[in-house]
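Peer 1: sequence plus predicted model, see below.
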Amino acid sequence: EPKKEGEQPAAQQPAPAQAEAPKPEEPKKEEKGKKGKKNKKKLEAERKAEEERQRLLKEEEDRKRAEEQKAHDRKRYLMISDIAHDLKTPMTTVAGYARALSEGMIAADKQQEYLDTITAKTERMNDIVQMLFNYARLDSDGFELVMSDVDICELLRECVASAYTDIEEAGDEIDVDIPESVIKCKIDKVQLSRSINNLLVNAVKHNVKGTKIYVGLKDEYDTVRIFVADSGEAIAQELAEKLFEPFVMGDESRSSKGGSGLGLSVSKKICELHQGRIKLVQNNEMTRYQLDKIYKKVFVISLPVENA
């Protein structure tokens with residue numbers, strides 16, 4: 001509004017002063033000390049808990065190692081016991097027959113029979129010792145495979161040819177399905193042949209006369225599979241689960257059919273040294289391999305193509 005004449009201007013009122021924000025109170029020294037002590041105790045408790053956790057883990061690891069060592073020792077003692085058993089029986093026979101012959105207790109027309117028995121028992125002892133040597137050698141630190149490029153199909157044919165006479169004499173039949181093509185694999189020819197031959201020997205020894213044996217090979221992309229199947233009775237599940245352990249064999253086989261009980265263990269070690277594997281497949285589980293229904297069990301050797 002326009003000021004009237006003689007009117008004094010109104011005095012300006014000073015702006016109200018703004019209130020200052022209260023400063024935060026510094027924590028007291030006592031509170032700081034208490035908090036520090038709490039943190040220290042917490043850290044100490046966490047450290048002790050971690051130490052206890054590590055101690056318990058170590059105890060568990062030590063316990064497992066001790067159990068594994070005990071299991072290993074038990075197997076070793078059983079192996080020694082089985083070796084002694086398998087050598088003692090033929091040695092007793094050889095010693096008794098040899099003494100009877102040397103003392104003239106055997107009639108002339110029976111002497112050849114006794115000599116033949118001595119020869120057979122001696123060969124059995126030699127087989128056991130040789131197989132044990134192979135098993136120990138494969139398990140030694142210094143052992144190495146002698147690898148070379150080999151036609152796996154030709155190798156399998158050679159294995160079948162070497163077993164053919166035994167198969168024929170046992171009254172068995174053999175069906176072979178090996179590709180005519182050349183499939184080169186990097187393998188130890190001697191050792192892999194031994195692995196396959198062990199399977200063929202078992203097929204003859206542990207089945208009845210007239211058993212049909214199948215040997216085949218399939219090249220499946222990244223894997224070569226070798227099959228040794230037979231029409232004999234399936235192996236009992238309890239025995240099948242530990243079949244590849246040393247000296248595992250049925251009581252009947254141990255007493256009447258010979259064998260060292262090491263053949264499949266040797267075969268397994270050889271396959272593993274080739275970065276492959278071996279397994280037993282029986283009955284309905286065999287359908288995936290499309291084998292004839294006459295076959296009741298099959299041993300399958302799988303070798304990776306990286307070795308080819």
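Peer 2: Sure thing, it's come through.

Peer 1: where along the stretch 201-308 of the chain do the helices fall?
Peer 2: When assigned using DSSP state H, counting those that start in this stretch, the helices of the stretch 201-308 of the chain occupy the ranges 237-240, 251-252, 263-273.

Peer 1: beta-bridge partners for residue 184, please?
Peer 2: As for beta bridges, residue 184 partners with residue 151 under DSSP bridges.

Peer 1: still on that earlier bit, which of the helices of the stretch 201-308 of the chain has the lowest average pLDDT?
Peer 2: Lowest mean pLDDT of the helices of the stretch 201-308 of the chain: helix 251-252, a mean of 47.

Peer 1: quick one: closest of the helices of the stretch 201-308 of the chain to residue 144.
Peer 2: Ranking those by their distance to residue 144 (criterion: C-beta to C-beta) puts helix 263-273 first, at 8.8 Å. C-beta: built from backbone N, CA, C; applies to glycine.

Peer 1: off-centre distance for the lengthiest helix in the chain?
Peer 2: Secondary structure of the chain read by DSSP state H shows that its longest helix is helix 29-102. Put simply, helix 29-102 sits 20 Å off its chain's centre (C-alpha atoms, centre = their mean, to the nearest Å).

Peer 1: what is the neighbour count of residue 213?
Peer 2: A total of 24 residues lie near residue 213 under the criterion other C-beta atoms under 10 Å.

Peer 1: circling back to that earlier point, tilt between the next helix or strand after the longest helix of the chain and helix 263-273?
Peer 2: Next along the chain after helix 29-102, taking DSSP states H and E as the criterion, comes helix 108-138. Helix 108-138 and helix 263-273 are oriented at 30 degrees to each other (axes from the mean of the first three to the mean of the last three C-alpha atoms, to 10 degrees).

Peer 1: other SSEs contacting helix 108-138?
Peer 2: helix 29-102, helix 263-273 (3 or more C-beta pairs under 8 Å, 6 or more residues apart in numbering; DSSP states H and E).

Peer 1: just put these in TSV and tack on mean neighbour count and distance to residue 123.
Peer 2: As requested, these are arranged in TSV below (neighbours: other C-beta atoms under 10 Å; distance: least, C-beta to C-beta, whole Å):
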stretch	mean neighbour count	distance to residue 123
helix 29-102	12	9
helix 263-273	21	15
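
Peer 1: how near is residue 285 to residue 144?
Peer 2: 35 Å (C-beta to C-beta, to the nearest Å).

Peer 1: quick one, what contacts residue 304?
Peer 2: Residue 304 is in contact with 222, 223, 275, 276, counting by C-beta atoms under 8 Å, 6 or more residues apart in numbering.

Peer 1: could you measure from it over to residue 281?
Peer 2: Counting by C-beta to C-beta - residue 304 and residue 281 are separated by 19 Å.

Peer 1: check residue 39 too.
Peer 2: For residue 39, the distance to residue 281 - C-beta to C-beta - is 62 Å.

Peer 1: hey, least reliable of the helices and strands packed on helix 108-138 by pLDDT?
Peer 2: Minimum mean pLDDT among the helices and strands packed on helix 108-138: helix 29-102, a mean of 81.

Peer 1: angle of that helix against helix 108-138?
Peer 2: Per the same axes, to 10 degrees, the angle that helix 29-102 makes with helix 108-138 is 160 degrees.

Peer 1: helices and strands around helix 29-102, which ones?
Peer 2: Applying 3+ C-beta pairs under 8 Å, 6+ apart, we find helix 29-102 packed against helix 108-138.

Peer 1: so for the helix it packs on, mean pLDDT?
Peer 2: Across helix 108-138, the average pLDDT comes to 85.

Peer 1: now that helix: buried residues?
Peer 2: Residues 114, 118, 121, 124, 125, 127, 128, 131, 132, 134, 135, 138 are the ones in helix 108-138 that count as buried (16 or more other C-beta atoms under 10 Å).

Peer 1: distance to residue 291 added to these, as CSV?
Peer 2: Putting the buried residues of helix 108-138 into CSV (distance: C-beta to C-beta, whole Å) gives the following:
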residue, distance to residue 291
114, 45
118, 42
121, 37
124, 33
125, 37
127, 30
128, 33
131, 29
132, 33
134, 29
135, 30
138, 29
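
Peer 1: out of these, which comes closest to residue 241?
Peer 2: residue 135 (20.1 Å).

Peer 1: okay but the closest one is in contact with residue 267, surely?
Peer 2: No. Between residue 135 and residue 267 there is no contact under C-beta atoms under 8 Å: 10.4 Å.
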